[in-house]
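Trainee: following is a predicted model, sequence given first.
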Amino acid sequence: MSSIILIDDNNRHEHGDELDKMHALRHEVFVEQLKWPALKSVNGREYDQYDVPGAVYIVVKEGEDIAASVRLNWADKPTLLADVFPHLLQFETAPTGADTVDLSRFMVSPKYGSRDRMNRYGSDLICGILEYGASEGIANYTAVISTHFLSTILQWGVEAHAMGLPAGEGREEHVAVRVPATETSISHLYHFTRNYTPRLRTPRFTRWFNETAEMLRTAEMARQGSSRRRAAAE
């Protein structure tokens with residue numbers, strides 16, 4: 001059974017094994033499989049200048065294996081989008097506020113079939129990203145993704161806005177996007193996957209989820225009460 005863990009500066013020392021496996025999978029995916037140029041690996045582990053203190057990682061585990069992961073860097077510090085891909089920003093400028101987070105090194109292990117890769121592990125990872133954003137007060141995520149993946153997340157019901165024109169061709173075509181961390185997108189993903197259990201089990205998100213659920217229940221009860229009163233008056 002899969003699980004999602006959040007790795008930050010506070011618990012990094014507890015997750016050395018997961019981080020090592022994640023960097024090894026990054027080498028497999030981005031260096032060996034996708035053959036991205038200019039990437040550096042050390043002993044079969046891929047790192048870059050954005051793997052720094054303050055970076056956060058969301059990791060999907062399947063047993064002891066890493067099924068998917070992503071890196072988060074806050075936009076008030078150097079980000080991959082602002083430093084490497086500014087040419088993709090024709091419609092919007094790169095955000096610089098502390099309420100925006102840049103996503104990079106999004107990956108799903110190639111060992112899983114294409115259906116499980118995206119519809120299971122990919123959607124769980126996106127769900128965890130949005131849950132983290134909602135509970136941490138993150139307004140927007142930014143990322144550079146393939147246009148194919150943009151089409152996929154839009155089909156899942158995730159709100160996403162192109163920040164510029166696509167570049168590249170075919171499967172290599174990519175685009176900069178801004179993704180608001182909204183309750184609506186989380187709800188759409190729950191519906192799409194038919195799994196209404198929160199993916200991220202951090203205390204802060206659990207508290208946010210319970211408070212939001214209670215607020216929605218209260219609003220629904222008020223709506224039903226108002227409907228009944230109108231029906232009685234008629």
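Mentor: Here it is on my side, so go on. Residues are numbered from 1 along each chain as shown.
Trainee: continuing past the helix or strand of the chain with the lowest mean pLDDT, what's the next helix or strand?
Mentor: Using mean pLDDT, DSSP states H and E, the weakest-scoring helix or strand in the chain turns out to be helix 114-115, at a mean of 65. Downstream of helix 114-115, the next assigned helix or strand under DSSP states H and E is helix 123-136.
Trainee: send me that next one as CSV with only the CA atoms.
Mentor: The C-alpha trace of helix 123-136 is given here as CSV (Å, rounded to 0.1, in the frame of the first residue of the first chain):
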residue,chain,number,x,y,z
SER,A,123,-2.5,11.9,-9.0
ASP,A,124,-1.6,11.0,-5.4
LEU,A,125,1.5,13.2,-5.7
ILE,A,126,-0.4,16.1,-7.1
CYS,A,127,-3.0,15.7,-4.4
GLY,A,128,-0.3,15.7,-1.7
ILE,A,129,1.2,18.9,-3.3
LEU,A,130,-2.2,20.7,-3.2
GLU,A,131,-3.0,19.5,0.3
TYR,A,132,0.3,20.8,1.5
GLY,A,133,-0.3,24.1,-0.2
ALA,A,134,-3.7,24.5,1.3
SER,A,135,-2.6,23.8,4.8
GLU,A,136,0.6,25.9,4.6
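Trainee: number of residues surrounding Val158?
Mentor: 24 (other CB atoms under 10 Å). Bear in mind the C-beta positions are built from the backbone N, C-alpha and C, glycine included.
Trainee: ok, it touching Ser187?
Mentor: No. In this structure Val158 lies outside contact range of Ser187 using CB atoms under 8 Å: 10.5 Å.
Trainee: gap between the nearest residue to Leu88 once chain neighbours are set aside and Thr142?
Mentor: Nearest residue to Leu88, sequence neighbours excluded (CB to CB, 6 or more residues apart in numbering): Ala176, at 4.0 Å. Computed with CB to CB, to the nearest Å, the distance linking Ala176 and Thr142 is 7 Å.
Trainee: joint contacts of these two?
Mentor: Common contact partners of Ala176 and Thr142 (CB atoms under 8 Å, 6 or more residues apart in numbering): Leu81, Met163.
Trainee: contacts for stretch 18-32, please.
Mentor: The contact list for stretch 18-32 (CB under 8 Å, 6+ apart) reads 5, 7, 12, 36, 39, 41, 44-47, 57, 59, 61, 65-66, 69, 105, 107, 109-110.
Trainee: one more: stretch 193-202?
Mentor: Identification of contacts with stretch 193-202 by CB under 8 Å, 6+ apart yields 4, 6, 58, 119-120, 123-124, 127-128, 131-132, 135, 190, 205-206, 209.
Trainee: so Val31, which of the three states?
Mentor: Following DSSP: H, G, I helix; E, B strand; the rest coil, Val31 is assigned to helix.
Trainee: now for it, how many residues are close by?
Mentor: Residues near Val31, counting by other CB under 10 Å: 17.
Trainee: please apply the same query to Gln155.
Mentor: Residues near Gln155, counting by other CB under 10 Å, number 10.
Trainee: measure the nearest residue to Trp156 once chain neighbours are set aside to Val60 for me?
Mentor: Spatial nearest neighbour of Trp156, chain neighbours left out: Phe192 (4.8 Å); criterion: CB to CB, 6+ apart. Separation of Phe192 from Val60 (CB to CB) stands at 17 Å.
Trainee: the two: which has the busier surroundings?
Mentor: Taking other CB under 10 Å, Phe192 and Val60 do not tie; Val60 has more neighbours (24 against 15).
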